[in-house]
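Participant: What follows is a predicted protein model with its sequence.
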Amino acid sequence: MFSLWEKMVDYLVYGLFGLDSTTQKAEALHFFIFDTIKIYILLVLIIFAVTFLRTYFNTEKVRVYLQGKSEFTGNILAALFGIITPFCSCSAIPLFLGFMQARIPLGITFSFLISSPMNNEIAIALLFGLFGWKITALYIGFGLLVAILGGFIVGKLGMEKYVLIPVVPMSGDLEEVEIKLTMKKRVKESWAYTLDILQKIYLYVLMGVGIGAFIHGYVPTEFIVKYAGSDAWYSVPLAVFLGVPMYASAAGVMPLIEVLTSKGMLLGTALSFMMAITALSLPEAMILKRILHVKLIATFFGIVALGIMGVGYLFNAIL
């Protein structure tokens, strides 16, 4: 898909600029130019496609579909809806309250909250572009598994008493909301949203690719393998432990993941690091603290962190 662009960058860096392809400077510059444009193109294409699909689904429809579903079926549907209605982890409070008002069980609500930020369109777009559809499919599949099982376990623990603020249930059943948009309106809204997302993350992409280019060109592979490429049992938990306190866009982290794996870091370890950043974060915990007891937040973070570690070990074992 990007072979023509790669040839153009080859000409620009090695021909027009006259840099020697064996030098660290040339490798870093080639990586930076090639990956920056490639990632921007992927983001535009996939964010637009996901956003266009989302015009047929909104949170009101999701609530209607989930209302009255049995636990495990509801967990599966909630996790699937999380893919097509992605929100960042810090959008949790209004979604959480809306689901509770619709009398959707706590465990099903958590399945949606886990899946939505983990399987966001930016992470999927970049994974597809950098690692191919097989890795992307595995990531989505394991992400869904974590969301389904995580929400199911939270539901079985009966922790509704740890919701700190009173939630007044809506009377009666929710009515399905019919979305009446013309095709032109859907395309226009999708394009506007895509540009809005790009304006918010383009600096993160530049910083991520810039750091990745430096590592690609100047940090020896032996150094990465020695300190980050270990297959020791603690490498996956350590990656999750380091990722949870961070609150960063997948757009900024993914270029680093690409470089680190190309230099020897195991893919499961690298993806565990990214999943911990996108699905869990300290800012999210602080926001949730306003409506949930610490015990429920700790249970939620603990279950998801264990699930992410399991995914990391599985990736390391099968790839």
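Facilitator: Received the coordinates, thanks.
Participant: for the strand or helix carrying Leu306, the distance to its chain's centre please.
Facilitator: Per DSSP states H and E, Leu306 falls inside helix 294-318. Relative to its chain's centre, helix 294-318 lies at 15 Å (CA atoms, centre = their mean, to the nearest Å).
Participant: In this protein, which residue is most central in space?
Facilitator: Closest residue to the average C-alpha location of the chain: Met118 at 3.7 Å, with CA atoms, centre = their mean.
Participant: ok, now which ones touch that residue?
Facilitator: By CB atoms under 8 Å, 6 or more residues apart in numbering, the residues touching Met118 are 82, 143, 146-147, 275, 278-279. Yep, even glycine has a C-beta here, placed from its N, CA and C like the rest.
Participant: Can you list which of those residues are found in helices?
Facilitator: Those of the contacts of Met118 mapping onto helices are 82, 143, 146-147, 275, 278-279, per DSSP state H.
Participant: could you measure the residue nearest to the centre of the chain against Gly143, distance?
Facilitator: Remark: distance between Met118 and Gly143 (CB to CB, to the nearest Å) = 5 Å.
Participant: between those two, what contacts are shared?
Facilitator: Met275.
Participant: can you count the residues close to Tyr14?
Facilitator: Counted by other CB atoms under 10 Å, the residues lying close to Tyr14 total 15.
Participant: Which pLDDT value belongs to it?
Facilitator: For Tyr14, the model assigns a pLDDT of 90.
Participant: do Asn75 as well
Facilitator: 89.
Participant: got a list of what it touches?
Facilitator: The neighbours of Asn75, taking CB under 8 Å, 6+ apart as the test, are 107-108, 111, 147-148, 151-152, 155.
Participant: From those, pick the one nearest Ile257.
Facilitator: Of all those, Ile257 sits closest to Ala147, with 20.6 Å by CB to CB.
Participant: Could you double-check that the closest one sits in contact with Ser111?
Facilitator: Yes - in this structure Ala147 lies within contact range of Ser111 using CB atoms under 8 Å: 4.9 Å.
Participant: Tell me the gap between whichever strand or helix holds Gly268 and the middle of its chain.
Facilitator: Assigned by DSSP H and E, Gly268 belongs to helix 267-279. Distance of helix 267-279 from the chain centroid (CA atoms, centre = their mean) equals 9 Å.
Participant: buried set for the helix or strand following it?
Facilitator: Counting by DSSP H and E, the next helix or strand C-terminal to helix 267-279 is helix 282-288. Buried residues in helix 282-288, counting neighbours by 16 or more other CB atoms under 10 Å, are found at 284-285, 287-288.
Participant: quick revisit: buried sites along the helix holding Leu306?
Facilitator: Residues of helix 294-318 classed as buried by neighbour count (16+ other CB under 10 Å): 296-297, 299-301, 303-313, 315-316.
Participant: Quick one: low-confidence residue ranges for the stretch 101-250 of the chain.
Facilitator: Low-confidence segments of the stretch 101-250 of the chain (pLDDT under 70): 165-179, 221-230, 246-250.
Participant: now the helices: where do they sit in it?
Facilitator: Listed in chain order, the helices of the stretch 101-250 of the chain (DSSP state H, counting those that start in this stretch) span 106-118, 121-131, 133-156, 183-218, 221-227, 235-243, 250-262.
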